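*Asks:* fold the following for me, if possible:
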Amino acid sequence: MADKELRAVLVGCGGMANAWMKNALEMPGLRLVGLVDINPTAARAMAEKYQLPAEVVFPTLKAALKKTKAEVVFDVTIPAAHDKVVIEALKAGCHVLGEKPMSDTLAKAKKMVATSKRARRTYAVTQNYRYTPQTASVSSFLRRGGVGRIEEVHADFFIGAHFGGFRDMMAHPLLLDMAIHTFDACRFLTGADPANVYCHAYNPKRSWYKGAASASAIFEMSNGLVFNYRGSWCAEGLNTPWGSHWRIVGDKGSLTWDGGDQVRCQTIKPGGKHAFVSEMQDINVPQLQLAHSGHAGVMSEFLGCIRNRRKPSTICDDNIKSLAMVFAAVESARTKKRVKVKW
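*Replies:* Residues are numbered from 1 along each chain as shown. Have a look, this model is predicted:
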């Protein structure tokens, strides 16, 4: 298996699939052998765009797997369709890498995890924000005790995103489609798991979304850590990076990160003066290098794990914890109460 070329079928040929196509076609040891979409025209257009033969287009996943004998399925469908695609692929003996979020309901996600275990096949989710040099560097630094015991995490996400399409009609476009990136990043940066949440979600008058495009959530995490999230998808001007702005506070100091290249850390200076505020020292955060980042990073790790029988960072039975944070936040917003995060 380690040296074998893996064959892959991609399901869902909308706009999001372009990033998948580019990386799949450039990934060593991978051959894209099938494209599937409920709209045959979209699949044919995708094949033509990337100069693939018409023979790679199939009307259904079942037909594609029967013909190609693929070992891998990439699920790039809408959230409501993830469970059907993933479960069919797993039952057919394929490993699956799918778009986030895992599903549009937690019940479906639990069924997907259970199917993966029964089938003994890997199902992982593309939390691509984990796979950047900056995220890896900050996570490594924090987990090695860079600011001591982490007690507070604050993340701000503000982008005026004019998508059009299904997101404009979602009940909770920010929480259901985007916040999972920040929620998952908090877990990755700190190693903490969610326990409880109180969330207020709302839709400002300026919003072009039908549902709640803004939200504030306070998560109680494991080991007493508190995670404070503030976000909006209808905030025009002074946009944050897609990776959010972060402030992480420990018992030895604080780290700020702009979600991009700017990271600062200060810790209490040993033997320093302790007046109204403690005397601090600047600490360098070592920068890690990654062979692949973003979608390519997710895909590369996923394929390597299949070949070497390891678990990817975003394996489904771990990633469901990030999804559970989303649905608990939505439930809290609906009930106006503190909600336990369950998965």
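
*Asks:* rest of the way, CA atoms for contacts and neighbours
*Replies:* Fine.

*Asks:* how about low-confidence regions in the stretch 201-343 of the chain?
*Replies:* Residues of the stretch 201-343 of the chain meeting the criterion pLDDT under 70: none.

*Asks:* what's the residue nearest to residue 253 when sequence neighbours are not counted in contact with, if anything?
*Replies:* Leaving out its chain neighbours, the residue that sits closest to residue 253 by C-alpha to C-alpha, 6 or more residues apart in numbering is residue 267, at 4.0 Å. The contact partners of residue 267, by C-alpha atoms under 8 Å, 6 or more residues apart in numbering, come to 147, 252-254, 280-283.

*Asks:* now, of these, which are buried?
*Replies:* Among the contacts of residue 267, those buried by neighbour count (16 or more other C-alpha atoms under 10 Å) are 147, 252-254, 280.

*Asks:* reformat those residues as CSV; add distance to residue 77 and secondary structure.
*Replies:* Output for these, formatted as CSV (distance: C-alpha to C-alpha, whole Å; DSSP: H, G, I helix; E, B strand; the rest coil):
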residue, distance to residue 77, secondary structure
147, 40, coil
252, 44, coil
253, 43, strand
254, 40, strand
280, 49, strand
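
*Asks:* residue 113: which element?
*Replies:* Applying DSSP states H and E as the criterion places residue 113 in helix 106-119.

*Asks:* again, but for residue 332
*Replies:* Using DSSP H and E, the element containing residue 332 is helix 316-335.

*Asks:* name the residues of that helix that are buried.
*Replies:* Applying 16+ other C-alpha under 10 Å to helix 316-335 flags 316-333 as buried.

*Asks:* next secondary structure element downstream of that helix?
*Replies:* The helix or strand immediately downstream of helix 316-335 is strand 339-340, counting by DSSP H and E.

*Asks:* from the contact counts, what lies against that next one?
*Replies:* On a contact count with 3 or more C-alpha pairs under 8 Å, 6 or more residues apart in numbering; DSSP states H and E, strand 339-340 meets strand 194-202, helix 316-335.

*Asks:* nearest to residue 185, of those?
*Replies:* Proximity to residue 185 (C-alpha to C-alpha) singles out helix 316-335 among those, at 8.9 Å.
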